[in-house]
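In: Provided below for reference: sequence and predicted model.
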Amino acid sequence: MRGCFDAEAQVANMGSESRSGKLSYVVRFAGDSGDGIQLQGQQFTMASALGGNDLATLPDFPAEIRAPAGTRYGVSAFQIHFGGERITSPGDTPDVLIAFNPAALVVNLPQLEPGALILVDEQAFTEQRLKRADLDRNPLEDSSLATFEVVRIDISRLTEEAVKPFGMGAKDSQRCKNFWALGLMLWMFDQPRDPTVAWIERRFANEALRNANLAALNAGHAYGETAELTRVLAQHPTPAAPLARAEYRTITGAEGVALGLLAAGELADTQVMFCSYPITPASSILHHLADLEDAGVSTFQAEDEIAAICAAIGASYAGRLGVTSSSGPGIALKTEAMGLAVAAELPLIIVNSQRAGPSTGMPTKTEQSDLYQAVYGRNGDTPIPVLATRSPGDCFDTTIEAVRIALRHMTPVMLLTDGYIANASELWPIPDIDHYPPIASTKPTENTEGSVFQRDPSTLGRVWAAPGDRRFVYRVGGIEKDIETGNISYDAANHQAMTDMRAAKVASVADFIPDQVIEQGSPGGLAVVAWGSTYGTLHQAVLESIRAGLDVAQIHLRHLNPLPGNLGELLGRFHTVLVPELNTGQLATLLRDRLLVRVAQLNKVTGQPFTVQEVRQAIQQHARPRLKEVRP
Amino acid sequence: MRGCFDAEAQVANMGSESRSGKLSYVVRFAGDSGDGIQLQGQQFTMASALGGNDLATLPDFPAEIRAPAGTRYGVSAFQIHFGGERITSPGDTPDVLIAFNPAALVVNLPQLEPGALILVDEQAFTEQRLKRADLDRNPLEDSSLATFEVVRIDISRLTEEAVKPFGMGAKDSQRCKNFWALGLMLWMFDQPRDPTVAWIERRFANEALRNANLAALNAGHAYGETAELTRVLAQHPTPAAPLARAEYRTITGAEGVALGLLAAGELADTQVMFCSYPITPASSILHHLADLEDAGVSTFQAEDEIAAICAAIGASYAGRLGVTSSSGPGIALKTEAMGLAVAAELPLIIVNSQRAGPSTGMPTKTEQSDLYQAVYGRNGDTPIPVLATRSPGDCFDTTIEAVRIALRHMTPVMLLTDGYIANASELWPIPDIDHYPPIASTKPTENTEGSVFQRDPSTLGRVWAAPGDRRFVYRVGGIEKDIETGNISYDAANHQAMTDMRAAKVASVADFIPDQVIEQGSPGGLAVVAWGSTYGTLHQAVLESIRAGLDVAQIHLRHLNPLPGNLGELLGRFHTVLVPELNTGQLATLLRDRLLVRVAQLNKVTGQPFTVQEVRQAIQQHARPRLKEVRP
Amino acid sequence: MSEAVRELTFKDYATDQEVRWCPGCGDYSILKAVHRALADAKADPANTVFVSGIGCSSRLPYYVETYGFHTIHGRAPAIATGVKLANPALDVWVITGDGDGLSIGGNHLLHALRRNVNLNILMLNNEIYGLTKGQYSPTSRIGTESPSSPHGSLDTPVQPGLFAIGAGATFIARAVDIDQKGLPVILNEARNHVGAAFVEILQNCIVYNADVFDDVVAKKTAADTQIHVVHGEPLVYGKARDKGLRLNPRTLALEAVTLGVDGVTEADILVHDETNPVLAQLLVTLRAPLPVAMGVIHRRQAPAFDQSFVEHKPAVRRQRVRQLLHKGNILDRR
Amino acid sequence: MSEAVRELTFKDYATDQEVRWCPGCGDYSILKAVHRALADAKADPANTVFVSGIGCSSRLPYYVETYGFHTIHGRAPAIATGVKLANPALDVWVITGDGDGLSIGGNHLLHALRRNVNLNILMLNNEIYGLTKGQYSPTSRIGTESPSSPHGSLDTPVQPGLFAIGAGATFIARAVDIDQKGLPVILNEARNHVGAAFVEILQNCIVYNADVFDDVVAKKTAADTQIHVVHGEPLVYGKARDKGLRLNPRTLALEAVTLGVDGVTEADILVHDETNPVLAQLLVTLRAPLPVAMGVIHRRQAPAFDQSFVEHKPAVRRQRVRQLLHKGNILDRR
Ligand SMILES: Cc1ncc(C[n+]2csc(CCOP(=O)(O)OP(=O)(O)O)c2C)c(N)n1
Ligand SMILES: Cc1ncc(C[n+]2csc(CCOP(=O)(O)OP(=O)(O)O)c2C)c(N)n1
Ligand code: SF4
Ligand code: SF4
Ligand SMILES: [Mg+2]
Ligand SMILES: [Mg+2]
């Protein structure tokens, strides 16, 4: 969908940099979990979107529900990259950091580059709070911030004053600080205040609270206009992004999957039953779908992950599309049941919002380390198709594609997303559902006759008959079954035939998916081949490298099992293949296994996304300069 | 241990074929589950062993507990290959088939080659029982058996007569048929009757029963001596196998694992806690270990597979060696908990007795399709060492090796065996436990000081301290932990360091295992590279191919993760690598992934082992004739 | 639908598959009773689903000519919940064993019962793992000798009925495999119950746990060793129906009395109230020398989980999806 | 062992790790009570193990200066069983939540209880999934609004105490997080019980389910909304201790009476018998308008599972292994 970007407009914007010479900015809000940082970030995101900017965000919150105030591990942050050009990554280094307390400052300092603007709430740098952040000295008072532009504002006091008229005491007023700072940032980047005003008015039933928050927002905004610090605190309006003609909204990955399921169910004219057990970062998909029965999706919160997938399989047996969703450890628990869905030849969507492992690992941190599990992680020869989403908006289309495959081939499908995509937002051109082809299934029609184990020769999908239908009363199970009758069979040749059929079925998916394309760049030199949420960062890194004259191209996979049919041939046209992954090399394994191709690896397992810089360095290492083509 | 075979004696036996010109025979017993076929086979096995033969067996029983009599799917069979030479496979084609009923005959017929001897119980070929076996006509009365030697004996009646004196009616006498036939077979191959006599005397407390069974045994034996059918029913004594000097017993794979755990616990001076939930074909290990507390192993039958591995992990945390055992579907359920053991850096043995999948699949049939699951099948980057056993006797040593690794590196270890090995028996030179080096562990000694998270630099095993020890009171869990203190840590660099440490730990296992050897043959031509229970059949197929002049060698892996350090270099010395597996190509994947080596595959997924013929054909396809070496 | 269905006899509910239990297994009689119950209820095969786990008992769906799903070990209640939620119009049966339902599957059974999902759950309890060749199960009595407990099991068993009470079950019944008269009736009581119905069936595994229930089910003594409870009727039993159960309010326990002895009259005998959960506990835990309770021990009305799901309105669906796609603030650049 | 241990104060049982629950969370008081209980018992940290699953509640072991294992979601009872069987001399505690213990972990809890493994199991029940941000849990009341049930949950909740009765638990107690006097005492009763001790602790999650127990635990009304049961003493409550519970033998239910009113005397009041499982059911299911039962509701002696494991005799071990290697018929070719 990001193809909707308007190339002409893009060109037109070139050279129309804002006054400061930049088309886009990276802003990072940071403070205590209790400071409402995520809300502030979301509001700023909405404003930038409605202001016409493209954007990408990176929420980064602590594992604790409400970590103790002022601690380093309790710092909650929200980063947004926005502006008047195509934005694919949340940005490596913030141009502006707003730090509500000492911990928020020190924790984020390593990310900044010289010249960055730091806004701090002056009042928060008390001795006690410095100690909370394990600081011996006040960084505002030594030379540690010398290379940055530091603006000390007494946000706490200014907010307090702004909200006093509404009867707010000093303590309550602290809860409006985030709106004060938001107001200032909206002024700084010349973004509209109206959406936030509307949101506040919708959200707060209590009049005093509502007015106080509005006052804080406006006060922050006014402060920008009137402050005497204009040398550093200048307005940096960004041009509108060169967007194609469409309606846009912001979307997170969790929303993308949820909306994709709603749309896919509708396109397939099939009720969807979403069965899940809460787990970070997968739960938000469940939350988005709860109580949308009238849109064709019902949810079931099961007693555990096994019950969740089993209920989904039961639903699929009964003619609805069963969907289950979890993260690594929960997916591990589902593997036995996946085998049942394969054996019974039932459609099923398994969504894995990956997080850092092994075991409980770091639930709030992102990672791409469940690819092995997705492709190889079952007992028996039990292949299933695997797809991966690359961005919040892409979740929508990839989810629809997953459903298409599940219903076409009568197979469970694993859909990989991750904690980063789940929480990040981007600007998304709202698709017109009427432009999507309907999703076909093997549901029997009035004319269907014979056994439910007839299989379409091109997809090997069997007939999806369901209880209630008098014509197909049948029994099925996880024991090996006769390839024709479905009865239990221990016959040797039959087991071979069934195993071959299951392998051929998944292989046949490749016949229906488009050839792998090159995202940018052209063959010959270095191919950067990857999957999943690294897309945006890789896009920017490759783009910059190409602009810097390197012979590099980007290939990003949606289909991981089976791989697109042309991939081997495509990679053969490159001199070097570099596989950057947020794991120890799982796609690298898959490429060696399936294509016997030698790959270079770039791996990072820190719970954090790649930075553009990291990738550019690796590209530098592997790519040659592009030679001008000489045509005879 | 099979290296104990005495090469000199082997040579001495060459040319000393039995009268019929054969050094070894394949006999297959077949009948209803109720006919006591497995017992008969086991008794014959014991007799051959004590008679000095080498042997390999293949029990093959139906999935049903007591399948209805006379049906095809209810046929139970037991095949034994025995004789005066080294025996590694149970044999492709029986020389003798004993069929107790029509179903047993038709089901096994396809395995026979022209000239085979078929003994049938004549009385069983009634019209009703032919119908039970889905036969329209009596195969004894048409030409369908023309190419075989068929001997019709009225076993039922002869048995009835033999046991009548002990007050057995016609119906009860049927239960002695197996001993009658056993007696005849023992005569035919000149095997000792005493072990069976002793067994019967031990087993039957009831005097009438005891005497009846003895009478049946002796009657069958006498029948052989006196029968007038000597042309076809001749005696075929086999020479004693050329065994090295040792004490021998027969051993099944399940016994091998059980004994290996007993010995390993003793060698490590560590109590073993075996926690399991019954599942075919893994349960027999539990059965063998039940009530052996006095040998240092206690068993716990848990409520499910998850509880079983969790109890084992708890035991390991508490300072015993936790072991858990299951088959594919049960192993799938254990994967989440395996991650915990990796994260907590605890020793643990996970035994997988593989069976045909996916899902419930064919529980009583063998397969090698859980290698993906073992090596790659977990969420997160969660590597664990994987070993595979190759034969019943080898289970003993490989189990000890697995324990050695678990305790040296403080890691869970997956031990792969399968349904075929679990049930098959072979002749086994009983090892002297005093000749095994003790198994070292990282248990703290009196002088150990400091943190439990100190790691041995060469193994990365941490200190295995346990509750009760005042010096090491510590807490640990599945959340990512600080590499030094073990406290919860969400630090980015720490997660990278821990991930690297976990990878390095498993990689370091390769520093301690012997270089991969070539079993037979030499480099240059075709390498047959495999793992697990196919060993015996491949051994024979390669041996025969070498003798037939082909340039082929056998390489059989015990260590699958990590692979032996020299394997890549070793395979590089071959022209072609052929990987035969009872799956769709899982070791092939591993070799491509780890060594980037191109392999040819031979895959069979029927629930049955390879036959020697199948492998020889594949070798034929890929191997060149061996050239005489010309030295200058 | 109607005509074809009305004419079905109990044989029509058998499939063409050969039944593969051991000769003499109690599962045969239970299967027959299931066929009988379906015929009695004129059940529509197309709207009936049997879901099972793994075990000898769990093979039953293959032998019932309705929709059937033989799933994985212990998970039948979860899968059946999915079936029922997906299509509340179906009549969904769960077939499970003591191992399948109370060992690996205990959690799903708990939650199906407490949620009161409208399922008919039959637990074929033979106090042993049959299919895996006879290891002791969670209902095996202490001291059960088995391949995994050669000197006798140590674990205190679960009592299926008491477990169901703990789960808040709204229907609890108990029956005997060979009771071809009573069992089909109880099955249909379960079928008619709105909510999760739990039926424990004592089943004889003649191979691995032969006659373990003999002290309760043996025909000769059954009149004295069983009490068939009927709502609203006094708790009497015995060949002469002269024995009864009385509540001792001091010990809060039931005691056996004989009518006419020690001045005991019918008024002393407790009347069965199937809606009372405390009486349910008293009855479900009865053991020798007291008679073991059979019949519908507990039944009470409570909202069933599956009824609460909102019905989908198809006409507005695409519009609704479009609306959801447009949720939030829109930047209109058309 | 002895000296060092005897001198420990309750602060010595705290670790150096910063406690990371939300400010005001009920878990803080429970942690304090645990420290207090250990100090009161003069527990030896080296012989004490805390095993937990996943959830806010399950973080507790990190804050107790004993051995501790923070495991995976729902599996603590199984892991603790392994710990206890491996070393029966240890004092093993299980810390779990309503989600951890009754949702994903229900089966392991069931089996730990029915086997009567000698564990002290504390369930911190806040009727919500705290750590995953507030979805309704299996103990949430019908109608609980949460991110996964925006219009109110439909599922009938599990009652932890009743569940424990169904599992055949031999020790069942209930307590309130903030009861700093009573809670440590109950914890030590659990610790002293030989067998599986189950303690439900009502815990306030101030972020996602604030004050859900207020009707029961609010200090002002507590005397009337709670009844603290003591074995052998009459079941009285109320500020003036003038109310009591009487058994209605007809309805088999408890009813509230006031001493002196309608001629009620102390003799009418039921005396608590903690060994009676039927009384346990009556007490554990008490709800408003009746008072909610606190204290040791049920306790009875039964063999604990872990005691039955045979001790290993090290001296003969190698010989025994050698003997097992030689089991069966031997072909001697030496
Ligand atoms: C995941 C898994 N674990 C274990 C098994 C092995 N298994 C099959 S049936 C069974 C026990 C069955 O006992 P029960 O439910 O009482 O059935 P019965 O055979 O006695 O009727 C077990 C342990 C399995 N099939 N799958
Ligand atoms: C296998 C698995 N599934 C799901 C989760 C996510 N998860 C963590 S805690 C929790 C619920 C905790 O609820 P409870 O036990 O009541 O603890 P509380 O936080 O309320 O104290 C869930 C669902 C997980 N960590 N692992
Ligand atoms: S093993 Fe037992 S339960 Fe299973 S079929 Fe045979 S008799 Fe029935
Ligand atoms: S979310 Fe609730 S239970 Fe968890 S720490 Fe916060 S207040 Fe406590
Ligand atoms: Mg059973
Ligand atoms: Mg909770």
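Out: In hand now; what should we look at? Ligands and ions are numbered 1, 2, ... in the order given.

In: what kind of secondary structure is the residue lying closest to C:Arg141 once chain neighbours are set aside in?
Out: On the basis of C-beta to C-beta, 6 or more residues apart in numbering or on different chains, the spatially nearest residue to C:Arg141 that is not a chain neighbour turns out to be C:Pro157, at 6.1 Å. For every residue, glycine as well, the C-beta is placed using N, CA and C. State at C:Pro157, reduced to three classes by DSSP: H, G, I helix; E, B strand; the rest coil: coil.

In: and whichever residue of the stretch 201-334 of chain C sits closest to ligand 5, what element?
Out: Nearest residue of the stretch 201-334 of chain C to ligand 5, counting by C-beta to the ion: C:Cys205, 6.6 Å away. In this structure, C:Cys205 is located outside every helix and strand according to DSSP states H and E.

In: And the pLDDT for it?
Out: C:Cys205 is assigned a predicted lDDT (pLDDT) of 98.

In: With ligand 2 as the reference, measure out to it.
Out: When distances are taken as C-beta to the nearest ligand atom, to the nearest Å, C:Cys205 and ligand 2 turn out to be 35 Å apart.

In: which residues does that residue contact?
Out: With contact taken as C-beta atoms under 8 Å, 6 or more residues apart in numbering or on different chains, C:Cys205 is in contact with C:25-26, C:56, C:126-128, C:130, C:212.

In: ok, how many other residues are close to whatever residue of the stretch 201-350 of chain A ends up closest to ligand 1?
Out: Among the residues of the stretch 201-350 of chain A, A:Glu336 lies closest to ligand 1, at 6.0 Å counting by C-beta to the nearest ligand atom. Other residues near A:Glu336 come to 30 when the count uses other C-beta atoms under 10 Å in any protein chain shown.

In: Report the spatially closest residue to it, excluding sequence-adjacent ones.
Out: B:Ala332 (4.0 Å).

In: can you give me the angle the host helix or strand of the one you found makes with helix A:328-344?
Out: With the criterion set as DSSP H and E, the secondary-structure element containing B:Ala332 is helix B:328-344. Following axes from the mean of the first three to the mean of the last three C-alpha atoms, to 10 degrees, one obtains 170 degrees for the angle between helix B:328-344 and helix A:328-344.

In: so where's chain A shaky on pLDDT?
Out: Counting by pLDDT under 70, chain A shows low-confidence ranges at A:1-21, A:228-232, A:628-632.

In: To what extent is A:Arg193 buried, counted in neighbours?
Out: Tallying neighbours of A:Arg193 according to other C-beta under 10 Å, which is how burial is gauged here, yields 18.

In: Could you report the distance from it to A:Phe100?
Out: In this view, A:Arg193 and A:Phe100 are 21 Å apart by C-beta to C-beta, to the nearest Å.

In: contacting residues around residue 301?
Out: No chain in the question, so chain A it is. Contacts of A:Gln301 by C-beta under 8 Å, 6+ apart are A:276-278, A:286, D:135-136, D:148-149, D:155.

In: look at chain C instead
Out: Under the criterion of C-beta under 8 Å, 6+ apart, the contact partners of C:Gln301 comprise C:170, C:194-195.
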